[in-house]
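**Student:** can't give you the sequence, but here's the structure:
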């Protein structure tokens, strides 16, 4: 499988050649409504063959399109406000044709792009406005063997980069908010070049996990809780050395999931059971087809459902699979969306209430999206009034969209004195101590990938203790008798 990852160009050209001689008859209708956005290759033709990454930055959708022209012209970055009209926002290859691909992520209100280089050193680029790019650090961060950045993840306030190096072993760098790059692992994690790629990174349960591509012995999974000290939690490809790369890591229903490349029996999905050293397989090999060899680099998790693309080594096209429980999988629609040249559904993301899927193809990369889906929202527009000294309880309600668990936050303003907000349940309770009207903003975040966020401004009026009427008996001493005689009741207000 090392040869497959290292010879993407040859593979793509072979698929292009075969696609021209195949008549394809779709066998399954789409469960969701899908449509292609833009032209194949986004105007760059067949050479723009891979849809590498998609991110939401400054309310625009960005996609990096890998260019494998012969000769190549370099990766192209496009942005769109509506997902339909696309504009290139970088110079081809950032001025270097050997920058074939780029992965992207957002950190500290900045969009970063790390390149995959043909016969050279990787580069890291950044932009704060989406169009003007500057390079961060040296080529290869000073190491000739550092040829590609693939894994990226924010952790403990820093951006972590997984850098492929087939000479001395993969390296992990941290980037802080001041722009300082620091290597934070031993080359290859074990001082060898067996782990020559770090393909995936994911924060989970307070630790950062890095999934490797290994030249021998099967993929490995490493973790750190402090950003510098690493320990292996899985080695040997989950018991199958043909699982040579962990392409994706994601969290779902409290478990960590890992997807692999396996060119022998098909891609495998594994998940944690009781700890991160205890794993179980969550799919059948290749989802039942040994030609389904690669799990997409990012799964979208939307409204309690996993959507993960795959890569096919066959001539039928890539497949998209869904699951609501993480173990029972259903194929979504037709292979390759009806085109066998669409061989790799690499990246899935949500944007403006739709799922977008980047598909690599020998005839030019394609962007597909679903129809509108239900999105997370807060349905409460008002809350009950309360009274000083009296017990209070009310809940902030949301709709049924999103993925559990949900986390609530008090974004701005303050609750009435004496009341507290339950951040897991979205309830407000306590005994108010001061009258007044209190205005505040709450938000709720789900556990999807990427997460959904909804916010709402609300207010609670706390009333003072109401005045009450009481009756008081009044007596008068009569001089004639020296006794007391009750004249009646006199109302006194307190």
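**Tutor:** Noted; the coordinates are in hand. Since we're looking at a predicted model, the values are computed, not measured.

**Student:** Quick check: residue 169 touching residue 185?
**Tutor:** No: applying CB atoms under 8 Å, one finds residue 169 not in contact with residue 185, separated by 9.1 Å. Just so you know, the C-beta spots here come from the backbone N, C-alpha and C atoms, and that holds for glycine as well.

**Student:** can I assume residue 294 is in contact with residue 266?
**Tutor:** No: look at residue 294 against residue 266 with CB under 8 Å: they stay out of range, at 9.3 Å.

**Student:** Look at these two and report which has more neighbours.
**Tutor:** Between residue 294 and residue 266, counted using other CB atoms under 10 Å, residue 294 has the larger neighbour count: 29 against 25.

**Student:** how close does the more buried one sit to residue 346?
**Tutor:** Residue 294 sits 9 Å away from residue 346, taking CB to CB, to the nearest Å as the criterion.

**Student:** Overlap in contacts, these two.
**Tutor:** Shared contacts of residue 294 and residue 346, defined by CB atoms under 8 Å, 6 or more residues apart in numbering, comprise residue 311.

**Student:** residue ranges with poor pLDDT in the stretch 51-200 of the chain?
**Tutor:** Applying pLDDT under 70 to the stretch 51-200 of the chain flags no residue at all.

**Student:** so who does the closest residue to residue 453 other than its chain neighbours touch?
**Tutor:** Leaving aside its chain neighbours, residue 453 sits nearest to residue 445 (5.1 Å; criterion: CB to CB, 6 or more residues apart in numbering). By CB under 8 Å, 6+ apart, the contact set of residue 445 is 406-407, 409, 451-453.

**Student:** Can you flag the buried ones in those?
**Tutor:** Buried members of those, counted by 16 or more other CB atoms under 10 Å: 406, 452.

**Student:** quick check, nearest of the contacts of residue 445 to residue 148?
**Tutor:** residue 451 (27.3 Å; CB to CB).

**Student:** could you say which helix or strand contains the closest one?
**Tutor:** Under the criterion DSSP states H and E, no helix or strand holds residue 451.

**Student:** Repeat that for the one 4 residues further on.
**Tutor:** If you go by DSSP H and E, residue 455 is part of strand 453-463.

**Student:** just residue 326 next, same as before
**Tutor:** With DSSP H and E as the test, residue 326 turns up in no helix or strand.

**Student:** so what's the backbone phi/psi at it?
**Tutor:** The phi/psi pair for residue 326 (degrees, to the nearest 10) reads phi 80, psi 0.

**Student:** For it, give me the pLDDT.
**Tutor:** Confidence at residue 326, expressed as pLDDT, is 97.

**Student:** surely it meets residue 271?
**Tutor:** Yes: judged on CB under 8 Å, residue 326 makes contact with residue 271 at a distance of 6.2 Å.

**Student:** Pick out whichever of these two has more residues nearby.
**Tutor:** Neighbours were counted for residue 326 and for residue 271 using other CB under 10 Å; residue 271 has more, 21 against 16.

**Student:** Surely residue 74 touches residue 96?
**Tutor:** Yes: with contact defined as CB under 8 Å, residue 74 reaches residue 96; the gap is 6.2 Å.

**Student:** and these two? which has more neighbours close in?
**Tutor:** residue 74 (22 against 18).

**Student:** Double-check that that one belongs to a helix.
**Tutor:** No: the assignment for residue 74, made by DSSP: H, G, I helix; E, B strand; the rest coil, is coil rather than a helix.

**Student:** can you pull the contacts of it?
**Tutor:** Contacts of residue 74 by CB under 8 Å, 6+ apart are 67, 91-100.

**Student:** Could you work out the most separated pair of these?
**Tutor:** Across those (CB to CB), the longest gap, 14.5 Å, separates 91 and 100.

**Student:** neighbour count winner among those two?
**Tutor:** The neighbour comparison of residue 91 against residue 100 (other CB under 10 Å) goes to residue 100, with 25 against 12.

**Student:** and the protein, what are its domains?
**Tutor:** Annotated domains of the chain cover 2-370, 386-463 [automatic domain parsing].

**Student:** Which helix or which strand is home to the closest residue in space to residue 434 that isn't next to it in sequence?
**Tutor:** Leaving aside its sequence neighbours, residue 434 sits nearest to residue 417 (CB to CB, 6+ apart; 4.4 Å). For residue 417, there is no enclosing helix or strand under DSSP H and E.

**Student:** Next: the one 4 residues further on.
**Tutor:** Of the helices and strands defined by DSSP H and E, residue 421 is found in strand 419-422.

**Student:** what's in contact with that strand?
**Tutor:** Here strand 419-422 has contacts from 386, 392, 408, 410, 415, 427-432, 442, 460, using CB under 8 Å, 6+ apart.

**Student:** next helix or strand past that strand?
**Tutor:** As assigned by DSSP H and E, the chain's next helix or strand after strand 419-422 is strand 427-430.

**Student:** mind listing what's buried in that next one?
**Tutor:** 428, 430.

**Student:** quick check: mean pLDDT across that strand?
**Tutor:** pLDDT averaged over strand 427-430 gives 98.

**Student:** following that strand, which helix or strand comes up?
**Tutor:** strand 436-445.

**Student:** distance between that following strand and the chain's centre?
**Tutor:** 27 Å (CA atoms, centre = their mean, to the nearest Å).

**Student:** Next up, the contacts around the nearest residue to residue 245 once chain neighbours are set aside.
**Tutor:** Nearest residue to residue 245 in three dimensions, chain neighbours excluded: residue 213, at 3.8 Å (CB to CB, 6+ apart). Under the criterion of CB under 8 Å, 6+ apart, the neighbours of residue 213 are 5, 164, 170, 195-199, 219, 244-246, 261.

**Student:** that older thread, any chance of TSV for the contacts of residue 74, columns distance to residue 128?
**Tutor:** Formatted as TSV, these follow (distance: CB to CB, whole Å):
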residue	distance to residue 128
67	25
91	17
92	21
93	21
94	16
95	19
96	21
97	26
98	26
99	20
100	25
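
**Student:** Now, of the residues you listed, which are buried?
**Tutor:** Neighbour counting by 16+ other CB under 10 Å classes 67, 92-94, 96-100 among the contacts of residue 74 as buried.
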